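> sharing a sequence plus its predicted fold:
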Amino acid sequence: DAHGIGYADLELAIAKGNRDKSEKKAIDEQVQRDRAGLPSSVMISDAFFPFRDGADVGIAQGVSAILQAGGSLRDFETIVACNVAVPKVAMMFTGQRSFKH
């Protein structure tokens, strides 16, 4: 916590002219470099991915594995996304949706 203030509070302070925009810029640049702490994390969904774009976003941010319910007509596209990722991304299907609606 190098800036001693939460991000939303910093934005408000900048808008009021109480803090310099360079502080927010420094945080934004660090987040970009660190990719928000996502490298090597696992992306978990209590549902399936109806399209591969959800997996693509996680892969682009550096996730190393995806855990999802499966059952989409397009599961194969998500499997392909994991298989062509560099480095490869592991994926497991739980076979169970964890919500009701």
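Structure received.

> name the SS class of residue 67, please.
Following DSSP: H, G, I helix; E, B strand; the rest coil, we place residue 67 in the strand state.

> so it bridges to which residues?
When bridges are assigned using DSSP bridges, the partners listed for residue 67 are residue 44, residue 92.

> burial check on it, number of neighbours?
When counting by other CB atoms under 10 Å, one arrives at 15 neighbours for residue 67. (Glycine included, C-beta is placed from N, CA and C.)

> confidence score at it?
pLDDT, the model's per-residue confidence, is 94 for residue 67.

> neighbouring contacts of the worst-scoring helix or strand of the chain on mean pLDDT?
Sorted by mean pLDDT, DSSP states H and E, the helices and strands of the chain end with helix 21-34, the least confident at a mean of 86. Under the contact criterion CB atoms under 8 Å, 6 or more residues apart in numbering, helix 21-34 has outside partners 3, 7, 10, 11, 14.

> at 6 Å what do you get?
Contacting residues not belonging to helix 21-34 are listed as 3, 10, 14 [CB atoms under 6 Å, 6 or more residues apart in numbering].
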